[in-house]
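Enquirer: A predicted structure for the sequence below; I have some questions about it.
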Number of protein chains: 2
Amino acid sequence: MKKTLRTEIIAVGTELLLGQIANTNAQWMSEKLAAYGINTYFHTVVGDNLERLTQVMKEANKRSNVIIVSGGLGPTEDDLSREAFQQISGLNIIEDEASLKKIERFFNERNMEMTPNNRRQARVFENAKILENKYGLAPGNLVEYDGNIWIFLPGVPREMKQIFSDHVLPYLSELNGAQIIQSLVLKFIGIGESVLEDRIQDIIQTQDNPTIALLTGRDGNTIRLTAKAASKNEAEAMLQAKKKEILDRVGEYYYGDDDATIEGKVFELLLKHQKTLAAAESLTGGAFQSKFVSQSGVSEVFKGGIVSYAAEVKQNVLGVKKETIETYGTVSEQCAYEMARRASELMDADIGVSFTGVAGPDRTENKDVGTTYVCLYDRKGQRQVEKCKFFGNRKQIRYQAVLKGFEMLFNYLK
Amino acid sequence: MKKTLRTEIIAVGTELLLGQIANTNAQWMSEKLAAYGINTYFHTVVGDNLERLTQVMKEANKRSNVIIVSGGLGPTEDDLSREAFQQISGLNIIEDEASLKKIERFFNERNMEMTPNNRRQARVFENAKILENKYGLAPGNLVEYDGNIWIFLPGVPREMKQIFSDHVLPYLSELNGAQIIQSLVLKFIGIGESVLEDRIQDIIQTQDNPTIALLTGRDGNTIRLTAKAASKNEAEAMLQAKKKEILDRVGEYYYGDDDATIEGKVFELLLKHQKTLAAAESLTGGAFQSKFVSQSGVSEVFKGGIVSYAAEVKQNVLGVKKETIETYGTVSEQCAYEMARRASELMDADIGVSFTGVAGPDRTENKDVGTTYVCLYDRKGQRQVEKCKFFGNRKQIRYQAVLKGFEMLFNYLK
């Protein structure tokens, strides 16, 4: 039997509705299903309440043909998944002999008394396929009803994942006549989401396979391409063709795929050009360097830097001229330039990058919050200063400044 | 009007069904609602699909009297929350003048072209209560329909949280005539979770109201007390009594309540003692300073620092003695001491703090990954060096080092 699966996941547990935990079970299962080309159309969370659980199951049985229920199989009275489904299906519930033996053994081995409610965990639907639980006591089970497939799994993530991987996924992917779904994420810096969308509007509108999704990331914007095909190679070829089409338009802003990071790209380019880097940071307070140093091996290209937070540190340690600060202020093109130059000289680095600005919440030196100068200085090459106006709170302004530094280095080195 | 609220949350977005992100929005909102005694009975996730979205909304309108829809208010064609609700309610959609002006201003200020799709974000239901979005362009809106309350919020967590806290929660809690549930979080540093639990075991066991929950936080461990009472004052008194009982046992590790941060506490103590601070960072690469500078106003106590990543920077810029590095290596008590001392001298600060160690993934100077020295040097007082062995990946090791610096400063200054 091959059919188009319309999957839905019902997570049962009052702790989810109280916000004590997020529904990561549904996320995890959906991600696995998507990778096999199986569509999930709904997630529902409902509490340990027979009436509402029954109501949700009825609705699911109407709109989906694979319904996965996670949770509500435990030993206590408020574990009600079986009871609720029995109300709508009328299916018999029996004790699974093998599971019952396993439960008894579990308590014997530990010299613990097996309280009667533990028997409850061995209950499954008559004629169901039993799905072995390697890490816990309640087995999963799979049963057909009304032309649909109902799958019951424990809510404990470790147990759910094992049963899902070992039994559910192979079963469903065979049913689905599995198609490969492959994704590719393209990463951009220096271009806003709406401009990006505008530039590839016609490509997006004729999208079908691969599909195209724009997302705003923390480090620039991304485009996610997702292709469906009969084989991995075919999907890969489709993705590469679409990538080329997009990069022909906006390739100048592109810095990498999937797990690429902007600091990683800058690291790679510094290595390639055999250039070393130093930094002088004021408003960013070390955040640029810390992000760069998050990568192992950067000592090959990174010397260090100065966090010149106080004006006198800019002057006495970094060596920005007193007149510069007096004439133009610390938040100025001139100060940014001297900071970058002096950082590169002091640290004996080829390139110096500097950050000075107003992180807020108050104006300083009569300049608006968000006003920031980022300078790149190459001892054997160019100097560039960008005056920026960033928006948001202190944290956001500082982060945008850091990102601008990486963007300038990327543009300069590429 | 007071009524018993039956709340339901609908999260809209295909990325949720693909498992790319978990539905943390619903979790967050449910947790807040629960704290006000408002019940959430269902979470539903549905994709950017008009038919299925409409179907879910119809069902919600039957079973709940407060329906919160998060997501689907953005500028693009697949943002469909308004359209879906219009299909079932027949309500008019209008452009909110103030929101439209804000969108235009946003693009003007940035000298960016406002593409037509951005107008879409200003659309709200006629006669709806507009809920101001401080961090984004699409406002929230609240409208009554069929005796139920429908609330539309953006899906971006930061925007959703602000609107929910500022507008939705006050509105709903008044409707609900809620019993007061008040929480108090106590924060600790320098004590492990199991030791903390052990020290207050008997208090935890007799807990009832307030309840006591231990949590491992990013910056130390926390205890959350939650009291239920008829009034705010009564709840507050219960919390304070329980706090006193706990601090009598473990007060030496306590640094603050609720939103207190360890960097904030150190800032406060530096101000109190009129001491200034400078830093020298090796493996942490600026992360300590960046965390400290995340607070506004720190220029009163913070001078700046050196990121001495390369050994020659430690020597030439910071002024660590060549013999020290040759004899003991850069990852040593002696080097840490000189780094802290030289930072304080160079920056003319009272206290210098330094970090040197092996962040990994490879051993350096024949020392194990995780080996770290943190030094605190007071020009008019003490010096302390702590040798630590941290575990985890590069990021975790660096973060633990940063935290150790704050812990040492806290212990020294308190």
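Expert: Cool, got the structure. Numbers count the residues shown, from 1 in each chain, chains lettered A, B, ... in the order given.
Enquirer: didn't residue A:356 look like it was pressed against residue A:279?
Expert: No. With contact defined as CB atoms under 8 Å, residue A:356 does not reach residue A:279; the gap is 11.8 Å. Using the backbone N, CA and C atoms, a C-beta is placed for each residue, glycine as well.
Enquirer: contacting residues around the helix or strand hosting residue A:248?
Expert: Using DSSP states H and E, residue A:248 sits in helix A:232-250. Residues outside helix A:232-250 that contact it (CB atoms under 8 Å, 6 or more residues apart in numbering or on different chains): A:180-184, A:186, A:188, A:191, A:196, A:199-200, A:203, A:209-210, A:212, A:223, A:225, A:227-229, A:254.
Enquirer: Chain B contacts on the stretch 51-200 of chain A?
Expert: A:52, A:55-56, A:59, A:63, A:192, A:194-195, A:197-198 (CB under 8 Å from any CB of the partner chain).
Enquirer: Below-threshold pLDDT in the stretch 101-250 of chain A: ranges please.
Expert: Counting by pLDDT under 70, the stretch 101-250 of chain A contains low-confidence ranges at A:178.
Enquirer: For chain B, what's the nearest residue on it?
Expert: Among all residues of the stretch 101-250 of chain A, residue A:194 sits closest to chain B, at 4.9 Å; criterion: CB to the nearest CB.
Enquirer: Residue B:75 is in contact with that residue, correct?
Expert: Yes. Proximity of residue A:194 to residue B:75 meets the contact threshold set by CB under 8 Å, at 6.7 Å.
Enquirer: Could you tell me which residues touch both of the two?
Expert: B:115, B:117-118.
Enquirer: hmm, stretch A:316-332 touching chain B?
Expert: Yes. Among the residues of stretch A:316-332, A:316-317 lie within reach of chain B under CB under 8 Å from any CB.
Enquirer: What's the mean pLDDT across that stretch?
Expert: Regarding stretch A:316-332, the rounded mean pLDDT is 95.
Enquirer: in it, what's buried?
Expert: Neighbour counts using 16 or more other CB atoms under 10 Å in any protein chain shown place A:316-320, A:324-325, A:328-332 of stretch A:316-332 among the buried residues.
Enquirer: Sort out for me which of these are in strands.
Expert: Judged by DSSP state E, these include no members of strands.
Enquirer: of all those residues, which comes closest to residue A:154?
Expert: Distances from residue A:154 to those, taken as CB to CB, are shortest for residue A:331 (58.2 Å).
Enquirer: phi, psi of the closest one?
Expert: Dihedral angles of residue A:331 (phi, psi; degrees, to the nearest 10) stand at phi -100, psi 80.
Enquirer: Residue B:89 versus that one, what's the distance?
Expert: 51 Å (CB to CB, to the nearest Å).
Enquirer: and the gap between the residue of chain A positioned farthest from its centre and residue A:94?
Expert: For chain A, the residue at maximal distance from the C-alpha centroid (CA atoms, centre = their mean) is residue A:323, at 47.8 Å. According to CB to CB, residue A:323 stands 90 Å off from residue A:94.
Enquirer: The shared contacts of residue A:194 and residue B:75 also near chain A: which ones?
Expert: Near chain A, by the rule CB under 8 Å from any CB, you find B:115, B:117-118 out of the shared contacts of residue A:194 and residue B:75.
Enquirer: Using TSV, lay out the shared contacts of residue A:194 and residue B:75 together with secondary structure and neighbour count.
Expert: Compiled in TSV, the shared contacts of residue A:194 and residue B:75 are given as follows (DSSP: H, G, I helix; E, B strand; the rest coil; neighbours: other CB atoms under 10 Å in any protein chain shown):
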residue	secondary structure	neighbour count
B:115	coil	16
B:117	helix	16
B:118	helix	21
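Enquirer: now, among those, which is nearest to residue A:361?
Expert: Relative to residue A:361, and with distances defined as CB to CB, the nearest of those is residue B:118, at 27.7 Å.
Enquirer: burial count for residue A:392?
Expert: The number of residues packed near residue A:392 is 15, by other CB atoms under 10 Å in any protein chain shown.
Enquirer: how does chain A divide into domains?
Expert: A:6-175, A:180-257, A:262-413 (automatic domain parsing).
Enquirer: Of all these, which one is nearest residue B:84?
Expert: Closest among the domains of chain A, using CB to CB: domain A:6-175, at 14.2 Å.
Enquirer: Quick one: end-to-end length of the closest one, please.
Expert: Terminal residues of domain A:6-175 lie 12 Å apart, using CA to CA, to the nearest Å.
Enquirer: in a strand, that's where the residue of the stretch 101-250 of chain A closest to chain B is, yeah?
Expert: No. Looking at residue A:194 with DSSP: H, G, I helix; E, B strand; the rest coil, it is helix, so not inside a strand.
Enquirer: Let me see the contact set for it.
Expert: For residue A:194, the contact set (CB under 8 Å, 6+ apart) comprises B:75, B:112, B:115, B:117-118.
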